[in-house]
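Engineer: turn this into a structure:
(one chain, ligands or ions: 2)
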Amino acid sequence: MKKLEIKDLHIEVNGTEIIKGVSLTFQSGKVHALMGPNGSGKSTLANALMGHPKYKITKGHIILDGKDITHEKPNIRANLGLFLSFQYPAEITGVTINNFLRTAVNNKREKKYSIVEFHNLLKEKMKELNIDISFIKRYINEGFSGGEKKKMEILQLSMLEPKYALLDETDSGMDVDAIRIVAEGINKVKQNKDMGIILITHYQRILDYLQPDEVSILFKGKIVATGGQELAKRIEKEGFEGVTK
Ligand code: ADP
Ligand code: MG
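Structural biologist: Ligands and ions are numbered 1, 2, ... in the order given. Just a heads-up that it's a prediction; the model follows:
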């Protein structure tokens, strides 16, 4: 069975244990919402899954479709089909979305797309996702609103077609518009892909737009609840207090 498994993972940042024994299974073709209040360790877990050197795995395993990737470098993980949404801390002037994505996609392919081929493919995808075609010539992140950054994220997702996508919805720039864009984008990408999507958020509102197949709650570095729609509904009604007490 195709899945991304985390087994008894412990993660340290600057000598402090932040993730304290987390076990989770993310299925291919499903949407798993990883939720929890601010500071519970969601971003720490995402960064460690991607292999960020600052996030030290001191115990446990990460298994991708049966292969142990606990100690693999980030580029190997990416080649194996793992994707973490880029948050682009800085604007990259001079690099257009078109060039950036063509390089990223061609890197993964034997048969490279020509400039014209890729341009046409990208235009088609942007249309499908309701992204304004003028974006094709924009520099990465330059003057992007929160919602526009999210659109870029979904575009990357549909072009790169990873096996498992970790979407870390950080607190900044996540207004109602951005949340709706992410949810609609995920629903579209899901229609024709066997992708496993791990949506990381503290925002209950996303559940109004997206029905996750599974929901897990992280609190103080541990999973305190796991379930399906009924858990999502409970959080919507009671907030996290109900499950973290
Ligand atoms: P969440 O994404 O759920 O809001 P984080 O993973 O960002 O939570 O943070 C969890 C805890 O780890 C917090 O107490 C935070 O201060 C700490 N932490 C995260 N990253 C670092 C870092 N690079 N250096 C020091 N502490 C960190
Ligand atoms: Mg976070």
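Engineer: check what pLDDT residue 31 gets.
Structural biologist: Per-residue confidence (pLDDT) for residue 31: 93.
Engineer: numbering from 380 from now on, please.
Structural biologist: Happy to do that; since the first residue is 380 now, the last one works out to residue 410.
Engineer: would you list the phi and psi of it?
Structural biologist: phi -110, psi 120 (degrees, to the nearest 10).
Engineer: for it, grab the count of nearby residues.
Structural biologist: For residue 410, the neighbour count with other Cβ atoms under 10 Å is 23. No exception for glycine: its C-beta is placed from N, CA and C like everyone else's.
Engineer: dump the residue contacts of it.
Structural biologist: By Cβ atoms under 8 Å, 6 or more residues apart in numbering, the contact set of residue 410 is 565, 569, 576, 578, 589, 590, 591, 592, 593.
Engineer: same thing with residue 500?
Structural biologist: Contacts for residue 500 were tallied using Cβ under 8 Å, 6+ apart; they are 492, 538.
Engineer: host element of the residue of the chain most remote from its centre?
Structural biologist: Residue farthest from the centre of the chain, counting by Cα atoms, centre = their mean, is residue 495 at 29.1 Å. Assigned by DSSP states H and E, residue 495 falls within helix 494-507.
Engineer: now residue 609
Structural biologist: helix 608-617.
Engineer: quick one: buried residues of that helix?
Structural biologist: Buried residues in helix 608-617, counting neighbours by 16 or more other Cβ atoms under 10 Å, are found at 610, 611, 613, 614.
Engineer: name the helices or strands packed onto that helix?
Structural biologist: strand 593-598, helix 620-623 (3 or more Cβ pairs under 8 Å, 6 or more residues apart in numbering; DSSP states H and E).
Engineer: which residues in the chain form strands?
Structural biologist: 382-392, 395-406, 410-414, 434-443, 446-447, 461-463, 471-475, 518-519, 543-547, 575-580, 593-598, 601-606 (DSSP state E).
Engineer: can you put those in CSV and add distance to ligand 2?
Structural biologist: Listed next are those as CSV, based on distance: least, Cβ to the ion, whole Å:
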stretch, distance to ligand 2
strand 382-392, 12
strand 395-406, 11
strand 410-414, 10
strand 434-443, 12
strand 446-447, 26
strand 461-463, 12
strand 471-475, 23
strand 518-519, 22
strand 543-547, 6
strand 575-580, 7
strand 593-598, 10
strand 601-606, 16
